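Asker: Kindly generate the corresponding structure for this input.
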Amino acid sequence: MLSRVAENIYWMARYIERAENTARLIMVNSNLLMDLPRGVHPGWQPIIEILGCEEYYLQQHEDFNERAVLKFLIANASSTSSILFSLQQARENARTIRDIIPREAWEQVNDLYMMAKSNAVSGYSKRGRYDYLKKIILGAQTITGLLAGTMLHDIGYDFLRMGRNLERAEMTTRILDVRSANLLPEHEGLTPFENIQWMSVLKSLTAYQMYRRTIQVRVRRKDVLKFLLKDKSFPRSFYHTLLEVKSCLRELPRNEEAIAKLNEVGKKVLRADQAILQQDELHRFIDELQLGLAELSQAITRIYFQ
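Answerer: Numbers count the residues shown, from 1 in each chain. So this is what the prediction gives:
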């Protein structure tokens, strides 16, 4: 397979996953703002921070009011974190590899981009936001399922899975880092609202029901961290995404360097005791994980795409 084709497959998967994650974050934050008591509102700034685009956002806006943030996250043509930018990039990558992916998958990517573009305004309003974001999420999941069920599971599919799971791993760390930093201070009188916010962390990753099946206790900080970082079975947990990437790398040539970097990150997350990590320690720990992911991504790019 040509390195150019492999790179297009890889980035198509990453951008589709990114669009889905952004839509999910907006939806969960909208629900969270309605659940919290009056006067206790994290607002929309945490979402900008999670996506790592605060500096760029502030170059265009003075504050983090709801409509400005939503327009930025949904339809900003130059923001790498916006839904429309991600889908446009996914569409462009898919267009160049139409002979590699099933025709139906290309049509679904194209239709999802056109729908997102033509209905973007409805995502700004409270009335139309839920339906708009739901269509984005279901559209992205349809593409994922379509590719899994109809694309050859060959070397190209390995690059697709790598891209999707690296994007998931990065988003999981970002959500844990920024969203947990914005949780209410621990206080016995605020416990119900702390639980609501930790539930929002789980729901950001569509992990709430699977957490309850696995942990079978009330939502608690240490259990959420353990589940989202170390669980081997949940598709969006950090460690599971590493296992998926590793299984793909094993099918590729010249994989020694990339697998070595992946193993370093995997050992780090398994050895950490999230139950005792305070917020400052958690921030430093997640910084180390993100640095490891960046080095792994750079290694994959250097070995296979350049």
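Asker: going forward, measure contacts between C-alpha atoms and count neighbours the same way
Answerer: Noted.
Asker: which non-adjacent residue is nearest residue 205?
Answerer: For residue 205, ignoring the flanking residues on the chain, the nearest one in space by C-alpha to C-alpha, 6 or more residues apart in numbering is residue 236 at 6.8 Å.
Asker: Contact partners for that neighbour?
Answerer: The contact partners of residue 236, by C-alpha atoms under 8 Å, 6 or more residues apart in numbering, come to 168-169, 172, 205, 207, 228.
Asker: Between these, which sits nearest residue 264?
Answerer: Using C-alpha to C-alpha, residue 169 is the member of the contacts of residue 236 that sits closest to residue 264, with 14.8 Å.
Asker: where's the closest one relative to residue 296, distance?
Answerer: 12 Å (C-alpha to C-alpha, to the nearest Å).
Asker: hey, where'd the helices end up in the stretch 51-200 of the chain?
Answerer: Counting by DSSP state H, counting those that start in this stretch, one finds helices in the stretch 51-200 of the chain at the ranges 54-58, 66-75, 83-96, 103-118, 126-150, 155-174, 180-181, 191-204.
Asker: okay, these in CSV with mean neighbour count, mean pLDDT and distance to residue 306 next?
Answerer: Supplementary listing: the helices of the stretch 51-200 of the chain in CSV, determined by neighbours: other C-alpha atoms under 10 Å; pLDDT from 0 to 100; distance: least, C-alpha to C-alpha, whole Å:
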stretch, mean neighbour count, mean pLDDT, distance to residue 306
helix 54-58, 13, 90, 29
helix 66-75, 20, 92, 31
helix 83-96, 23, 96, 17
helix 103-118, 18, 96, 25
helix 126-150, 17, 94, 25
helix 155-174, 23, 95, 15
helix 180-181, 18, 64, 37
helix 191-204, 20, 76, 34
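Asker: right, and those - which one's nearest residue 278?
Answerer: Between residue 278 and these, the shortest gap by C-alpha to C-alpha is with helix 180-181, which sits at 10.2 Å.
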